[in-house]
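from the sequence below, what's the structure:
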Amino acid sequence: MANGDVYTYTPTQHHCREGLAIENERGRLIDWFWGGHDVALNNVVDRDAADLTFVANLGDYEKTPRDGRESNQDYAREDRLTIHSQHGLQKTYYIRKGAKPDLTTKIANARTRLEEAESELRAAESQVRWARKELAELEQVA
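Numbering: from 1, shown residues only. Modelled structure (predicted):
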């Protein structure tokens, strides 16, 4: 275990617990619900916590642009790291140092965006049909 090691674990209670812990410079595993801020001593995670699983070391990654707020979705899954807090509401995105955007991943993302847009188009076309039908019915009554 080393400074910057990231672990997942199963917390015994979920109130103010993220299930994600990062080892700090003092060798303590800190639950990341509060984003690493030492708000209380009870956010220290025991090394024998249930399902403690090593994920990565932050030293091998760099934040994405805009201080980690820009998505890392164009990189291969093995080159991505997302650190979350507040039950996933806050996210910081990282990419493995030296990694480049992955063409296969970018194609898959573009395919997904196209499928979503086509689905939205079908929904809009259906709404137009219903609106036309409603208008026609109302105009017949008038």
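
now the helices for the chain?
Under the criterion DSSP state H, helices of the chain are mapped to 103-141.

okay, and the helix or strand of it with the least pLDDT?
strand 44-45 (a mean of 85; mean pLDDT, DSSP states H and E).

domains of this protein?
The record's domain parsing of the chain by automatic domain parsing lists 5-96, 102-142.

mean pLDDT lowest for which of the ones you listed?
Lowest mean pLDDT within the domains of the chain: domain 5-96, at a mean of 90.

out of the domains of the chain, deepest packed?
Neighbour counts (mean count of other Cβ atoms under 10 Å) averaged over each of the domains of the chain peak at domain 5-96, with a mean of 16. (C-beta placed from N, C-alpha, C; glycine too.)

quick one: end-to-end length of it, please.
14 Å (Cα to Cα, to the nearest Å).

which non-adjacent residue is nearest residue 50?
residue 10 (4.2 Å; Cβ to Cβ, 6 or more residues apart in numbering).

is it true that the one you found touches residue 19?
Yes - using Cβ atoms under 8 Å, residue 10 makes contact with residue 19 at a distance of 6.5 Å.

residues contacting the residue nearest to residue 50?
Contact analysis of residue 10 by Cβ atoms under 8 Å, 6 or more residues apart in numbering lists 19, 49-51.

what is the least confident helix or strand of the chain packed up against?
Applying 3 or more Cβ pairs under 8 Å, 6 or more residues apart in numbering; DSSP states H and E, we find strand 44-45 packed against strand 29-31.
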